[in-house]
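A.B. asks: this one's sequence-less:
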C-alpha cells in the first residue's frame with residue numbers, strides 16, 4: 001500500500017498528510033512505516049523548518065487498523081513487533097529536532113490521539129473530537145498514550161478519559177491541555193499557510209533549543225517499551241479478543257472478566 005502518507009510543502013514547512021480517508025486514516029503498518037520515514041527524513045533535511053502532521057477526510061485518525069491488528073493479536077510476538085513499530089515511528093516525531101505540530105480536523109480517537117500527543121503541540125479545528133476509547137473494547141494504549149496523556153494533562157484527567165472512553169470536543173480539549181490552539185474549520189487552510197510562513201522565518205537553532213529543553217523527562221524509550229510489554233499481555237488476552245470480535249460484529253462486547261465477576265462467589 002503506497003502513498004498512504006503524502007508530503008506537501010507549505011513554504012519551508014513539510015506537511016505530512018495521512019491519506020487513508022475512506023478508512024478514517026486507520027493506522028496500518030504501511031501508514032506507520034511511511035510516517036516514520038517522513039519524520040526521519042525531515043529531521044535530516046535542512047530545508048525543513050517544521051513539520052505539520054495532518055490528515056485527509058473527516059478524521060485525523062480513528063486509531064489502529066483493527067482488521068490488521070485482529071490478525072496479529074493471536075500471536076503475542078507479532079503483536080509486540082507491531083507496537084514496537086508504532087513506538088519507533090512516534091518517537092521519530094517526538095525526537096525530530098524540528099517543531100512537529102499535529103493538526104486535528106476531525107476525529108482523533110485511541111491510536112489517533114496517541115499519534116497527536118507524540119507531536120510537540122496540537123492545533124485543532126472546531127470540528128475536532130478527542131478520546132481514548134480503548135476501554136470500550138477491552139483494549140489499552142500501545143502507542144505511548146498511557147505515558148503521554150497524563151504527561152500532557154495530569155494523571156487525574158487522563159484517568160477520567162481512559163476509564164470512561166469519553167470523547168471531548170476541541171474547546172474541552174483546549175481547557176484540559178490536550179490542545180494548544182483552536183481554529184475554525186473554514187479558516188484552517190489559510191491559517192496553516194500563515195503559521196507555516198511564520199515558522200519558516202524562525203531561527204532553526206532556537207527552535208531546536210526550545211524543543212530539546214522542554215522535552216518531558218517522563219517519556220523515555222524504556223517507559224514506552226514497558227507500556228508495549230504490558231499492552232501485549234492485555235490485548236492478546238480474552239477480554240480484548242472479545243472486544244475485537246464485538247467491533248467486527250458491530251455489537252456490545254461481553255467481557256469474560258465481567259462474566260466471571262458476576263458468577264456466584266465471584267470477586
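C.D. replies: Cool, got the structure. Here the structure is a predicted model, which means the values were calculated and not measured. Numbers count the residues shown, from 1 in each chain.
A.B. asks: for this structure, what spans make up the strands?
C.D. replies: For the chain, applying DSSP state E gives strands covering 5-10, 13-18, 50-55, 59-61, 100-104, 107-109, 121-125, 129-131, 167-169, 181-183.
A.B. asks: where in this protein is pLDDT low?
C.D. replies: 1-2, 263-267 (pLDDT under 70).
A.B. asks: now do the helices in it.
C.D. replies: 29-44, 66-72, 76-95, 111-117, 145-153, 155-164, 170-176, 188-200, 204-213, 221-235, 238-249, 256-262 (DSSP state H).
A.B. asks: out of the strands of the chain, which is closest to residue 245?
C.D. replies: Among the strands of the chain, the nearest to residue 245 by C-beta to C-beta is strand 107-109 (19.4 Å). All C-beta spots, glycine's among them, are computed from the backbone N, C-alpha and C.
A.B. asks: counting by contacts, list what the closest one packs against.
C.D. replies: strand 59-61, strand 129-131 (3 or more C-beta pairs under 8 Å, 6 or more residues apart in numbering; DSSP states H and E).
A.B. asks: which residues does the last one contact?
C.D. replies: This means strand 129-131. 104, 106-110, 113, 116, 124, 161, 165-170, 173, 178-179 (C-beta atoms under 8 Å, 6 or more residues apart in numbering).
A.B. asks: name every strand pairing with it and say which way it goes.
C.D. replies: Here strand 129-131 has these sheet partners by DSSP bridges: strand 107-109 (parallel), strand 167-169 (antiparallel).
A.B. asks: for the residue lying closest to residue 107 once chain neighbours are set aside, what are its contacts?
C.D. replies: Once flanking residues are discounted, residue 107 sits nearest to residue 59: 4.1 Å by C-beta to C-beta, 6 or more residues apart in numbering. Contact analysis of residue 59 by C-beta under 8 Å, 6+ apart lists 21, 24-25, 106-109, 112.
A.B. asks: just say which of the strands paired with strand 129-131 is most tucked in.
C.D. replies: Among these, strand 107-109 has the highest mean neighbour count (mean count of other C-beta atoms under 10 Å), at a mean of 27.
A.B. asks: next, the contact list for the most centrally placed residue in the chain, please.
C.D. replies: Against the mean C-alpha coordinate of the chain, by C-alpha atoms, centre = their mean, the closest residue is residue 115 at 2.0 Å. Listed by C-beta under 8 Å, 6+ apart, the contact set of residue 115 reads 27, 35, 53, 60-61, 90, 93, 102, 108, 143.
A.B. asks: go with 10 Å
C.D. replies: 18, 25, 27, 31-32, 35, 53, 55, 60-61, 63, 86, 89-90, 93, 102, 104, 108, 143-145, 148 (C-beta atoms under 10 Å, 6 or more residues apart in numbering).
A.B. asks: residue 36 now?
C.D. replies: Going by C-beta under 10 Å, 6+ apart, the list of residues near residue 36 reads 5, 85-86, 88-93.
A.B. asks: among those, which pair sits farthest apart?
C.D. replies: Of all pairs in those, the most separated under C-beta to C-beta is 5 and 91 at 16.8 Å.
A.B. asks: how close does the residue nearest to residue 68 when sequence neighbours are not counted sit to residue 15?
C.D. replies: Closest residue in space to residue 68, ignoring its immediate chain neighbours: residue 28 at 5.5 Å, by C-beta to C-beta, 6+ apart. In this view, residue 28 and residue 15 are 20 Å apart by C-beta to C-beta, to the nearest Å.
A.B. asks: same check on residue 68?
C.D. replies: Taking C-beta to C-beta, one finds residue 68 at 25 Å from residue 15.
A.B. asks: looking at these two, which has the bigger crowd around it?
C.D. replies: Per other C-beta atoms under 10 Å, whichever of residue 68 and residue 15 has more neighbours is residue 15, with 19 against 14.
A.B. asks: sorry, back to before: quick one: residues contacting the residue nearest to residue 68.
C.D. replies: 1, 4, 20, 34, 64-65, 67-69, 82.
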